[in-house]
Each structure stands twice: as structure tokens, then as C-alpha cells.
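Peer 1: Sequence plus the predicted model coming up.
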Amino acid sequence: MLNRKSAIIRINLILLLGFGHIIALTPEDASSQYFGQNKVNYESFDFKIIKTPHFDVHFYPEEGSAVEDATRMGERWYERFARLFEHEFEKPKPIVLYADHPDFQQTNTLSGRLSQGTGGVTEGLKNRVIMPLTGSYWDTDHVLGHELVHAFQYNIAQSRLASGLRGLMSLPLWLIEGMAEYLSVGREDPLTAMWLRDAIRRDDLPTITQMTNATRFFPYRFGQALWAYIGGTYGDETIVSLFRASLRMGWEPAIEEVLHITADSLSMAWKQSVEAEYLPLMQGKADPGESGALLLAPSTGAGNQNISPSVSPDGRKVAFLSEKDLFSIDLFIADARTGEIEKKLISANADPHFDALGFMETAGDWSPDGKEFVFTVTAQGDNELAIINVENGNITRKIDLEDIGAIKSPAWSPDGTLIAFSGLKGGISDIYTWNIISGELEQLTDDKYADQQPTWSPDQSTLAFVSDRYTGSDFDQLTYGKSGIAFLEIESGDVSTLEPFGEVKHINPQYAPDGRSIYFISDQDGFSDIYQFTFDSGDIRRITNLQTGVSGITGMSPALSVARDAGTILFSVFDNFEFHIYSLQQGQAEAGGEKINTFSRNNSGRLLPPSKPQITSRITTIYLTHLRAWSLTIHIRSRVL
């Protein structure tokens with residue numbers, strides 16, 4: 001996490017601008033947003049308005065059909081929250097949608113620069129939501145729901161029965177942001193569960209007072225978990241009562257008045273619930289420090305947050321992103337056997353060619369000969385591909401791909417002629433390839449599914465990628481399946497899918513050097529670990545079995561890399577609220593892996609305590625579980641001005 005000064009600056013900015021969906025607190029926030037740098041607007045947007053019963057949705061033509069679906073999402077969220085809060089807007093509220101995150105970062109609706117870690121913002125005084133389409137319908141829906149909770153919070157605070165914005169601004173972030181996360185995600189959230197497990201294994205689960213006063217406890221994760229406990233123990237309607245009381249008298253007296261318990265007693269009961277549910281599940285699992293050979297962590301001279309590892313084909317080098325030098329996320333090269341950092345390859349703060357390095361849900365890739373590295377940068381308002389000479393640090397090529405607003409996870413083909421990537425266009429992400437020799441851009445998928453994280457098979461006949469193209473996805477009804485592994489046959493264009501654990505996360509596919517198996521990350525039991533699937537036999541082996549998890553900053557961040565020739569496996573592990581990078585040799589992984597024969601589709605490790613609410617949860621049993629039924633009740637009469 002940030003040092004205390006940077007985190008306080010970040011929190012103060014939130015209070016000045018409004019509340020928002022912050023994916024993570026990073027040094028980029030401090031360096032780019034708070035030290036006097038001015039925002040540069042590279043593009044102008046021809047905004048139009050879709051008017052619905054409760055919103056004026058501002059958009060521009062480049063957003064395509066996805067904006068219409070986002071508008072339906074907004075009305076669905078309004079119906080949910082109006083019922084829960086028993087509150088109606090007095091007039092339609094503005095929602096400003098951008099086609100992608102680089103466009104969002106240029107917004108002139110907000111002062112100051114927006115970092116990659118800012119997923120959306122809700123302004124207090126104007127009570128408007130500003131956010132980008134994310135390329136994933138699930139994620140766009142989640143961010144929009146999160147922001148609309150804030151819209152209701154502001155609107156209720158400004159009503160004549162409340163104490164105004166002063167009362168709202170006096171409340172701690174865990175209360176405001178945690179509520180928005182819980183009401184938009186619910187209690188099934190393996191990412192937040194990972195944060196809780198990391199805390200309780202070290203006896204470091206914060207009290208409510210600590211969450212209020214100490215900046216090292218991320219308010220989104222721990223606030224969401226506390227609200228899940230309150231909702232599961234006292235009922236979700238109690239959340240609204242507690243919020244309204246907090247506006248009048250402050251959060252601590254409100255807890256005593258509404259829950260008839262002190263804040264200290266509530267903290268103790270919450271801790272006991274978390275320990276009772278998670279400690280038994282953690283028994284027999286490895287401590288994060290036993291993941292493999294530790295390469296990159298503060299103890300080895302690296303930073304606190306070491307993410308997006310990419311190992312060279314021969315397994316000798318690793319490129320990774322880190323805040324080691326405090327004020328930015330930079331790209332480093334280290335020895336993949338010893339962890340010794342050899343050089344800072346590139347820094348956005350020092351390079352005039354671009355404004356920022358991509359780091360939230362992306363990683364770079366090595367050329368087949370290991371001499372060059374391709375990664376994503378932001379330059380002049382758009383994402384671009386950059387190719388750098390690893391030896392001398394010179395940028396050899398910058399590729400500006402017109403009409404593609406955001407680029408993630410470039411993957412170099414085995415013959416060195418193609419770079420595959422996930423590209424966001426019109427609010428929808430698809431798989432593309434760019435030909436290094438001819439400069440030809442080819443779109444390989446073209447649909448509403450979220451297609452991400454491509455990787456090449458060793459014979460270059462297939463691209464494996466992450467997609468939500470499963471039975472749970474129905475865009476007419478605005479329902480979305482979990483991410484699974486998909487395979488695109490290059491010659492025929494046929495797409496097949498692999499979802500061995502059902503409706504849970506399967507991400508970050510990486511082929512073994514012989515192409516006979518594929519590694520991936522799944523949270524099928526609530527613990528995010530590495531698995532190996534063998535194509536011929538269909539066997540599944542669990543390669544890691546950790547108390548915390550193999551993870552990046554978000555649940556969808558790439559955290560796994562396999563050396564194309566050597567088979568060395570590098571991965572990032574969550575430990576002490578930090579991300580450390582470990583390695584396993586291919587032989588170690590196969591020898592230590594555990595064959596998986598059975599798995600549960602209803603694992604309590606995926607849920608925030610209490611996994612079995614004492615009072616029926618309105619959030620999980622009504623509007624988050626039964627999305628289809630809710631969708632059928634939404635009929636929007638909209639018109640474009």
C-alpha cells in the first residue's frame with residue numbers, strides 16, 4: 001500500500017471531488033495526481049444524451065451499442081437501490097460514460113489527473129457519475145452499481161431529513177466505500193476473502209476504530225467485509241438504517257443506537273466470525289512464504305507491490321512492475337533465478353515518449369529470442385504498444401492502433417511475427433493480432449463477450465484467452481457468466497471453451513512448453529491458486545495451495561507466467577497486504593501438484609462471513625442472485641437528444 005502521507009493525500013482528494021470506485025491505492029496516484037501536474041486533453045468528444053426515467057446518460061458515438069446496455073444497467077440498479085433505501089431521486093441524475101479508461105482520464109468534468117486505479121467517480125455537489133466502459137459487462141455493471149450507491153448516499157444526505165453533505169463527509173471511507181462495494185458485489189467475493197485471510201493469519205484484522213484511523217487498511221475490501229457481516233447478522237435493511245443514523249449523529253453512536261452494541265463489541269464479533277469461518281478452511285494450506293523460491297519482495301530489495309511478472313523464454317530473466325522507487329509504477333528486469341534486480345527498464349516519469357505504463361490488468365511479453373519486450377503504455381490520450389530493447393533500454397517501436405482505445409496483455413507469437421492482445425473498442429473487448437512485418441491489424445473475435453489475456457500455443461495454431469462466453473451470459477437479460485478459458489483456432493476461426501470448475505473464475509492461461517497442458521488460475525474454492533489441465537487425459541492438478549492466494553491487484557489481473565522454452569513458472573502471491581513474486585521450476589510444479597478429482601460448486605471459502613446469513617439477505621438472495629428476474633421487469637423508454 002501507499003505510505004501514510006500519500007494515502008492521506010489520496011483520501012483527501014476523494015473527499016474534495018466526491019466518492020469513487022478505486023481499484024487500488026498506488027504510488028501513481030500520488031505522483032501523477034497530487035504534485036501539480038495538469039491534465040492534458042488530447043481528444044474532444046461529441047456528447048449526446050440518452051434520457052431515461054431516472055438518468056441523463058451522456059455518451060458519444062464511439063461507445064456503440066454498449067452504452068445502451070449500460071443505460072439498462074443503470075435503470076436496473078436504480079430500481080434495486082430505490083427499494084432498498086426507500087428513496088427516490090427528485091429529478092434525473094447525470095451519468096457521463098466514456099468508451100474506455102484512456103478517454104475517461106481526459107475528462108474535463110473533474111479537476112486533477114485520474115490514475116489507472118480510479119474506476120469511476122461520483123461528484124458530490126453535482127451528484128453525477130463519471131466512469132468508463134470497461135470492456136467487461138460484469139465489471140461495467142459492478143462499477144456503475146458502486147457509483148450509483150454513492151449517488152443515493154449523496155442524494156439522501158442532501159435531503160431535508162438528513163444533515164447535508166457535512167454529515168456525509170464526516171463519515172469514514174470504510175463506511176461509504178465499503179457499503180458501495182457490498183451493495184454492488186454482495187458477499188460472494190474471493191478477492192476480499194483473500195484480504196481477510198491474510199489479515200487473520202497474522203492476527204491483523206482491523207477493528208472499526210483502526211479502519212477509521214489507520215490508512216494501511218484498504219477501506220474498500222475491509223469495509224465491504226464488515227458490511228457483509230452486518231447485513232448477514234442483522235439484515236441488509238439494517239445497513240440503510242445505520243447509514244441514515246450515521247449521517248445524523250456519526251458512525252459510532254449510530255452503531256449503538258441501531259445495533260444495540262458498541263463499536264468495540266461489533267469489531268470483536270466480526271473478528272470471531274471471520275476466524276470461525278476461515279481458519280478451518282486454511283488448515284493444511286501453505287503459508288505464502290512456502291509458495292516456492294522467493295524472488296521479489298521487500299526482503300530481497302524489491303518494492304512492496306511487485307506485479308505482472310513475465311518470464312523470458314529461457315527462464316533466466318523476469319520483467320515485472322513495481323513501485324520500488326516510491327513515486328511511480330516502473331518496469332524492472334531481474335534475474336529469475338536469484339531475484340537480483342538488474343535494471344529499471346523504463347519509467348513513465350522519466351520517459352518523454354509516453355505518460356504512463358499499463359499495470360492494472362495487463363502484463364507484457366518477451367520476443368521469442370528474449371531480446372525485446374512488448375508492453376502497454378498510455379501516450380497522447382490512447383493506449384499504445386511499445387517494444388523495448390531489453391539490453392540497452394531503447395524504445396524501438398511504438399504502435400498506435402487507431403480506433404482501439406485500450407490495449408491489454410500483448411502476447412508475442414512463437415515465430416516472432418505477430419503480437420496478439422485484448423483491445424477495447426466501443427466499450428467491448430475482443431482479441432486482435434498485429435503483424436510486426438506488414439503492420440496489418442486483424443480482429444479475431446467480434447462480440448459482446450469480454451475477451452482478454454491471449455496466449456499462444458507453442459505451435460502457433462491456437463490462441464487461448466479468457467472469456468465470459470458461457471451459459472451464464474445473456475446480454476439481453478444482462479446476466480454474465482464467470483470468466484473461463486477459450487481457445488481460438490487460428491486457421492478456422494472456431495472457438496471452443498474450457499471451464500473445468502464450472503461458474504467460477506478461470507484466468508491467465510499459460511501453455512506448458514510441450515503444448516500438452518495449460519496452466520491457469522482459478523478461485524474454485526475461494527482460494528486463488530494455479531492449476532494445470534492436461535488436454536489428452538482431462539486431468540487437473542493443483543499446483544499451489546495457499547492460505548492467501550496467487551493474485552494481482554484485482555481479481556482479473558494477470559499473476560502467472562510460464563517460460564516458453566524452459567517451463568519455469570513465476571507468479572505473484574498476496575502476503576502482508578503486499579504482492580511478492582515466487583518461482584517454481586517445471587519439474588517442481590509437476591512433482592508437487594495435487595490431482596483434483598472432485599470440487600464443490602458451493603464453497604464457503606468464496607463467501608464473506610457469515611456464509612450462512614442469520615437473516616435472509618436482500619442483497620444476495622434477491623437482486624444479485626436473481627438477475628434474470630430483475631431484468632425482465634426493466635423497460636426503458638429512452639430518447640436521444
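Peer 2: Nice, I can see it.
Peer 1: distance of the residue positioned nearest the centre of the chain from Ser517?
Peer 2: For the chain, the residue nearest the mean C-alpha position is Thr554 (3.3 Å; C-alpha atoms, centre = their mean). Distance of Thr554 to Ser517, computed by C-beta to C-beta, to the nearest Å: 26 Å. For the C-beta atoms, the positions are set from N, CA and C on the backbone; glycine is no exception.
Peer 1: The residue nearest to the centre of the chain touches Met360, doesn't it?
Peer 2: Yes. Shown here, Thr554 and Met360 form a contact pair, counting by C-beta atoms under 8 Å, at 6.6 Å.
Peer 1: picking that back up, checking the residue nearest to the centre of the chain next. Helix, strand or coil?
Peer 2: Three-state assignment for Thr554 (DSSP: H, G, I helix; E, B strand; the rest coil): coil.
Peer 1: And for Pro61, nearest residue in space, chain neighbours not counted?
Peer 2: Asp46 (6.7 Å; C-beta to C-beta, 6 or more residues apart in numbering).
Peer 1: now swap in Met360 and tell me
Peer 2: Met360 sits nearest to Gln116 (C-beta to C-beta, 6+ apart), 4.8 Å away.
Peer 1: Where does that neighbour sit: helix, strand or coil?
Peer 2: coil.
Peer 1: Where is the longest helix in this structure?
Peer 2: Secondary structure assigned by DSSP state H gives helix 137-158 as the longest helix of the chain.
Peer 1: Quick one: mean pLDDT over it.
Peer 2: For helix 137-158, mean pLDDT rounds to 95.
Peer 1: could you pull out the strands for the stretch 351-500 of the chain?
Peer 2: Using DSSP state E, counting those that start in this stretch, the strands of the stretch 351-500 of the chain run over 356-357, 365-366, 372-379, 382-389, 395-399, 406-412, 418-425, 428-435, 441-443, 452-456, 462-467, 484-489, 495-498.
Peer 1: Relative to Thr238, which of those is closest?
Peer 2: strand 484-489 (36.5 Å; C-beta to C-beta).
Peer 1: which helices and strands sit right next to the closest one?
Peer 2: strand 462-467, strand 495-498, strand 506-511 (3 or more C-beta pairs under 8 Å, 6 or more residues apart in numbering; DSSP states H and E).
Peer 1: Worst mean pLDDT among these?
Peer 2: strand 495-498 (a mean of 94).
Peer 1: Would you mind pulling the contact partners of it?
Peer 2: 445, 467, 469-470, 484-489, 506, 518, 533 (C-beta atoms under 8 Å, 6 or more residues apart in numbering).
Peer 1: still on that earlier bit, and the longest helix of the chain, how far out from the chain's middle?
Peer 2: 17 Å (C-alpha atoms, centre = their mean, to the nearest Å).
Peer 1: do stretch 86-103 as well
Peer 2: The answer for stretch 86-103 is 21 Å, by C-alpha atoms, centre = their mean.
Peer 1: send the alpha carbons of it over as PDB?
Peer 2: Extracted C-alpha coordinates of stretch 86-103, given in PDB (Å, rounded to 0.1, in the frame of the first residue of the first chain):
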ATOM      1  CA  GLU A  86     -36.800   3.600   0.300                       C
ATOM      2  CA  HIS A  87     -35.700   6.800  -1.500                       C
ATOM      3  CA  GLU A  88     -36.400   8.300  -4.900                       C
ATOM      4  CA  PHE A  89     -34.400  10.900  -6.900                       C
ATOM      5  CA  GLU A  90     -36.300  14.200  -7.200                       C
ATOM      6  CA  LYS A  91     -35.100  14.500 -10.800                       C
ATOM      7  CA  PRO A  92     -32.900  12.500 -13.200                       C
ATOM      8  CA  LYS A  93     -29.200  12.400 -12.400                       C
ATOM      9  CA  PRO A  94     -26.400  12.700 -15.000                       C
ATOM     10  CA  ILE A  95     -24.200   9.800 -15.900                       C
ATOM     11  CA  VAL A  96     -21.200  10.500 -18.100                       C
ATOM     12  CA  LEU A  97     -19.900   7.500 -19.900                       C
ATOM     13  CA  TYR A  98     -16.600   7.200 -21.700                       C
ATOM     14  CA  ALA A  99     -15.700   4.500 -24.200                       C
ATOM     15  CA  ASP A 100     -12.500   3.400 -22.400                       C
ATOM     16  CA  HIS A 101     -10.200   4.300 -19.500                       C
ATOM     17  CA  PRO A 102      -7.800   6.500 -21.500                       C
ATOM     18  CA  ASP A 103     -10.800   8.600 -22.600                       C
END
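Peer 1: if you average pLDDT over that stretch, what comes out?
Peer 2: The average pLDDT within stretch 86-103 is 94.
Peer 1: Make sure Asp69 is actually in contact with Leu478.
Peer 2: Yes. Contact between Asp69 and Leu478 holds when scored by C-beta under 8 Å: they sit 6.8 Å apart.
Peer 1: Overlap of the contact sets of these two?
Peer 2: Common neighbours of Asp69 and Leu478 (C-beta under 8 Å, 6+ apart) are Tyr137.
Peer 1: mind showing which ranges of the stretch 251-400 of the chain have poor pLDDT?
Peer 2: Applying pLDDT under 70 to the stretch 251-400 of the chain picks out residues 326-327, 348-355.
Peer 1: those helices in it, which residues are they?
Peer 2: With helices called from DSSP state H, counting those that start in this stretch, the stretch 251-400 of the chain shows them at 251-259, 263-282.
Peer 1: Now the shortest one: buried residues?
Peer 2: Buried residues in helix 251-259, counted by 16 or more other C-beta atoms under 10 Å: Trp251, Glu252, Ala254, Ile255, Val258, Leu259.
Peer 1: tell me which of those residues is nearest to Gly303?
Peer 2: Nearest member of those to Gly303, counting by C-beta to C-beta, is Trp251, at 33.8 Å.
Peer 1: Nearest to Pro298 among the contacts of strand 495-498?
Peer 2: Nearest to Pro298 among the contacts of strand 495-498 is His506, at 31.0 Å by C-beta to C-beta.
Peer 1: Can you tell me who that closest one pairs with across the strands?
Peer 2: Under DSSP bridges, the beta-bridge partners of His506 are Ser522.
Peer 1: Are we agreed that Thr192 is in a helix?
Peer 2: Yes. Using three-state DSSP, the secondary structure at Thr192 is a helix.
Peer 1: Can you give me every residue that contacts the nearest residue to Asp536 once chain neighbours are set aside?
Peer 2: Leaving aside its sequence neighbours, Asp536 sits nearest to Arg516 (C-beta to C-beta, 6+ apart; 6.7 Å). Shown in contact with Arg516 (C-beta under 8 Å, 6+ apart): Thr534, Phe535, Asp536.
Peer 1: State the phi and psi torsions of the first one.
Peer 2: In this case it means Thr534. phi -100, psi 130 (degrees, to the nearest 10).
Peer 1: thinking again about what came up before, my read: the residue nearest to Met360 touches Phe104, true?
Peer 2: No. Between Gln116 and Phe104 there is no contact under C-beta under 8 Å: 10.1 Å.
Peer 1: how near is Ile50 to Ile130?
Peer 2: Looking at Ile50 against Ile130, where the rule is C-beta to C-beta, the gap reads 16 Å.
Peer 1: Nothing else from me, thank you.
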